[in-house]
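K.L.:
return atomic coordinates for the entry below.
(2 chains)
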Number of protein chains: 2
Amino acid sequence: MSNVPTDIEISQKAKMIPIQDIASKVGLSAENLEMYGKYKAKLSYDLLNSLEGKKEGKLILVTAINPTPAGEGKSTVTVGLGDAFQKVGYKTMIALREPSLGPTMGIKGGATGGGYAQVVPMDEINLHFTGDLHAITTANNALSALIDNHIHQGNTLSIDPRRVLWKRVVDLNDRALRNVLVGLGGPIQGVPREDGFDITVASEIMAILCLAKNLKDLKQRISNIVIGYTYEREVVKVKDLGVEGALTLLLKDALKPNLVQTLEGTPTLIHGGPFANIAHGCNSVIATKTALSLADVVVTEAGFGADLGAEKFLNIKTRITETNPSAVVVVATIRALKMHGGVKKDSLKEENIDALQTGLMNLAKHVENVQSFGIEPVVALNKFIFDTPEEVSVVKSWCENNGVRFALTEVWEKGGAGGEELVKQIIPLLKKDCSFTHTYDVSDSLQTKMEKIAKNIYGAKGVEFTSKAKKQLVECERQGYGIFPVCMAKTPVSLSDDPTKIGRPTDFVITVRELRPKVGAGFVVALTGDVMTMPGLPKQPAALKMDVDENGNAMGLF
Amino acid sequence: MSNVPTDIEISQKAKMIPIQDIASKVGLSAENLEMYGKYKAKLSYDLLNSLEGKKEGKLILVTAINPTPAGEGKSTVTVGLGDAFQKVGYKTMIALREPSLGPTMGIKGGATGGGYAQVVPMDEINLHFTGDLHAITTANNALSALIDNHIHQGNTLSIDPRRVLWKRVVDLNDRALRNVLVGLGGPIQGVPREDGFDITVASEIMAILCLAKNLKDLKQRISNIVIGYTYEREVVKVKDLGVEGALTLLLKDALKPNLVQTLEGTPTLIHGGPFANIAHGCNSVIATKTALSLADVVVTEAGFGADLGAEKFLNIKTRITETNPSAVVVVATIRALKMHGGVKKDSLKEENIDALQTGLMNLAKHVENVQSFGIEPVVALNKFIFDTPEEVSVVKSWCENNGVRFALTEVWEKGGAGGEELVKQIIPLLKKDCSFTHTYDVSDSLQTKMEKIAKNIYGAKGVEFTSKAKKQLVECERQGYGIFPVCMAKTPVSLSDDPTKIGRPTDFVITVRELRPKVGAGFVVALTGDVMTMPGLPKQPAALKMDVDENGNAMGLF
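P.N.:
Here you go, the predicted model:
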């Protein structure tokens, strides 16, 4: 394992296959592709429209335990699993989220996997890719400019500048933009008001792009975005401004899924990447549906642990795709499990069976959660170099004792060959029907939905609402938003809403402090604890190491 | 003329040729191209590096009289002239600027020409195109985020938050962002300070991208950008932050020229588009040099009238390209000349010989200015439907009486066929050497450079400096910026710095109120009057009419 080169070294040495040849593996011709260089392509609307109603393949969702600083390698396992399915002869596609430039420039980036389980061209995917995030940024900020212009030019809609909900975005980590005053400088410079910038992946437009079935649906959802309130406290939507056509036009190419390849040439769609806290954290519905129409097996992932991304995949996204996963893979590492058992980061290399046993309880809860949806989980233990045989056997035994499917994966070191054991565990699940069930019904009240998620997924005793949230609950039901799923915004690092409670916390209550209806996306966000919608840069940003040579080759990306 | 369909109708009905076939007209193979769909491509670094030192074709610069609300059609003539040269058998390329989304969403967009003299695909070029402007926006704002992060994380460079010169940008018209306060919300949200947003095309990074010879030069220039001052009033540059590598990496694809085609299949590079007031207003040096290496005749344009864009093309850009135009076309219309003669916009359809005679003096000055560079001008009268034969003959006679080459162009109605008369006037100029001379020497002091431009190009009596500008003049010379060309920021609608003075004003003085050294770009901006670096949206933005159909076809773009 120690002689594996760095991710970017592996990626840049990779012999990529022309994207037309990758496309032909799933029956696509050059006509279906809009090329972005030799190794990236968007799929045309002609193709997308022709796939409607086609028989679909089987879906595998990859999720994880609560993330720790030790890393779990969820994307790596997703890519490796796709490669493994291709290797044993299945017509396979992978569907991933698009990386945001903010984290890439900040700490380290990318949702492109690692080692020999990577998606390429890694540097381009992690930089501007095909421009989807820039299009979303532009559409988001065009709406802001149009709102401020409307207020400035007479404000016939009577928009209250103190109650504009719509924020601006940049695809960067930029804490100085979290809270800003705009419109300063006198009467010809606009109307002063408080505003703020989120990171682009937190934009409701990103969530909408990922949930829209087609351009028409995209425009419909955009027209329903609530941008703020009038002085009379009436809701103001995008359609009141009449700019849904222009915003949709700005997104017409961004809505098309992007085709790339893994190091082993597995066709991969990378498309959409909403936050898994403030939004639902899954790649686009269009990409997932397209992959299912083209391939027999589709491997996808959802953000953070199974309590966040997978919960939203299963309770929000499946209501639109109308396709549920046949299997859910729960990724864990010995290192991360030991952290959940109380080990500090600098002691992770030492064997610690006791801490591992304690930490396993985090895995246990995620396994139970997957089972609660009527889907059989498969535990994928993602092997690291310092893992001891004893530690591995502890996890394996726990799975055996609890009747849970288990597989050791070594995809980081071996690519698809390291995922064959995992494939063997999954194949039986693809052949049987599962009795999929949601955590809540859409007809449940918003409060009941939150309580069911908190009790059945997080393991909480119940939900408390701040007085602000209580008022908003009444207002949301009054506005008719009670029909929407709930999108919980919670710390990813704990099953509870308290980031210090690792492992499997018990005897806790979830506090909902604010509700934010996202009428365009079609869910109500429930904020618990502090939720970050604009990250900051660290003291030594990754940008300091980045460079490019005279022929345009990226350096220092990872 | 009246039965010519709208621009977007013509554009969408156009039978485009695959871009590889367009490329092959100038000897390029598929290997040299990085495709963006079927009809757009970037040129590879391998190709660009291989062209260094190659024999160059002849350059024709298209400029205009001072712009009026009547429109002159400079881009249309540029495209039509290129088509006309191709039509008569020359190996021809056109080199244009990239449009900004701000004006497209605001009033009307595009630098893609009109009628039957257009560049296509018009909708894509006017929307996100190949993402160059988004890359520039991102690099610009990444620098802002890195500056604010540096200040927040201990500020080891002692950057004075009150003296940060570097502003953020968006590629939109958004007046509410002109003056903002950032970093609000308490100690963990950054350090509060005043900031502002410019439109992306006003970013120094845009100017740098357009002046850089290659990636190495780009990085060098970026490293020299002055971002602000320390508490001790020492200059702080990008290289002090150590992020020039990361910013250059973000621009590695944006630096490659974009190949598209005209309606008649003339190969066209559209690349870079800096403001012609705060910056030099020309397409990129790389695109111009590349076109000259590939074609025998290259037609290009510069922003606004000959007093702004062309002056900067000839005094700033040619010092880097080391190639001067063999001919300069000065575009005028009867309508615009009548406006310079005092006619109001709603009376332009009526014949008015007196006003035309008066307005001709504006054309006369631009003709003289071109001659002052040692280049022979050609007047292109861009025909409109309401022009009377008597009016046309007034302009023609004036040219004949003054020994100035004249051509009537009908490219809007007829495409390249409407530009053959103009081609005939230009061809003799391509065969003779001109004795090109700059308006000033680089060894002149900054004050002398400004005085020479004001007197010899604008026709002013002299230059006055505000007390602020006087101090800055001393400081600029002290810092060693005296070696740079001067980039005048002046109203485009008058030869003077007073926008109400149309025609050919005399007896006026230019007031320089501020100097802004752009050390990365390599020029010193001299601000006269009020210069807009962030436009606002009108009361009825063009965005209200934009839409897209279910197959992704743009509607209402023009």
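K.L.:
now the residue in the stretch 151-300 of chain A positioned nearest to chain B: closest residue in space, sequence neighbours ignored.
P.N.:
Closest to chain B within the stretch 151-300 of chain A is residue A:245: 3.2 Å, counting by Cβ to the nearest Cβ. Using the backbone N, CA and C atoms, a C-beta is placed for each residue, glycine as well. Sequence neighbours aside, residue B:547 is the residue nearest to residue A:245 in space, at 3.2 Å (criterion: Cβ to Cβ, 6 or more residues apart in numbering or on different chains).
K.L.:
can you check residue A:193 too?
P.N.:
residue A:161 (4.0 Å).
K.L.:
can you give me the neighbour number for that neighbour?
P.N.:
Neighbour count of residue A:161, defined by other Cβ atoms under 10 Å in any protein chain shown: 21.
K.L.:
list phi and psi for it.
P.N.:
As for residue A:161, its main-chain torsions (degrees, to the nearest 10) stand at phi -60, psi -20.
K.L.:
which of the residues in stretch A:452-462 are classified as buried?
P.N.:
By 16 or more other Cβ atoms under 10 Å in any protein chain shown, the buried positions in stretch A:452-462 come out as A:452, A:453, A:454, A:456, A:457, A:458, A:459, A:460.
K.L.:
wouldn't residue A:459 be in contact with residue A:506 here?
P.N.:
Yes: counting by Cβ atoms under 8 Å, residue A:459 touches residue A:506, with 6.4 Å between them.
K.L.:
ok, back up a step: widest-spaced pair of the buried residues of stretch A:452-462?
P.N.:
A:452 and A:459 (12.3 Å; Cβ to Cβ).
K.L.:
in the stretch 51-200 of chain A, what spans have low per-residue confidence?
P.N.:
Along the stretch 51-200 of chain A, segments meeting pLDDT under 70 span A:108-111.
K.L.:
brain fart, chain A
P.N.:
Across chain A, the ranges flagged by pLDDT under 70 are A:1-3, A:108-111, A:558.
K.L.:
need the residue closest to the centroid of it.
P.N.:
residue A:281 (2.7 Å; Cα atoms, centre = their mean).
K.L.:
residues contacting that residue?
P.N.:
A:97, A:274, A:275, A:302, A:303, A:304, A:308, A:309, A:312, A:313 (Cβ atoms under 8 Å, 6 or more residues apart in numbering or on different chains).
K.L.:
now it: phi and psi?
P.N.:
Torsion angles, degrees, to the nearest 10, at residue A:281: phi 70, psi 30.
K.L.:
what is the burial count for the closest residue to residue A:513 other than its chain neighbours?
P.N.:
Nearest residue to residue A:513 in three dimensions, chain neighbours excluded: residue A:466, at 4.6 Å (Cβ to Cβ, 6+ apart). By other Cβ under 10 Å, the residues close to residue A:466 number 13.
K.L.:
who's in contact with the residue of the stretch 151-300 of chain A closest to chain B?
P.N.:
For residue A:245, the contacting residues are A:219, B:545, B:546, B:547, B:548, B:555, B:556, by Cβ under 8 Å, 6+ apart.
K.L.:
measure residue A:336 to chain B for me?
P.N.:
From residue A:336 across to chain B, the span is 27 Å (Cβ to the nearest Cβ, to the nearest Å).
K.L.:
ditto for residue A:131
P.N.:
As judged by Cβ to the nearest Cβ, residue A:131 and chain B stand 4 Å apart.
K.L.:
contacts only, for the residue nearest to residue A:245.
P.N.:
A:245, A:246, A:248, A:249, B:554, B:555, B:556.
K.L.:
the same query, at a cut-off of 10 Å, please.
P.N.:
Shown in contact with residue B:547 (Cβ atoms under 10 Å, 6 or more residues apart in numbering or on different chains): A:219, A:244, A:245, A:246, A:248, A:249, B:553, B:554, B:555, B:556, B:557.
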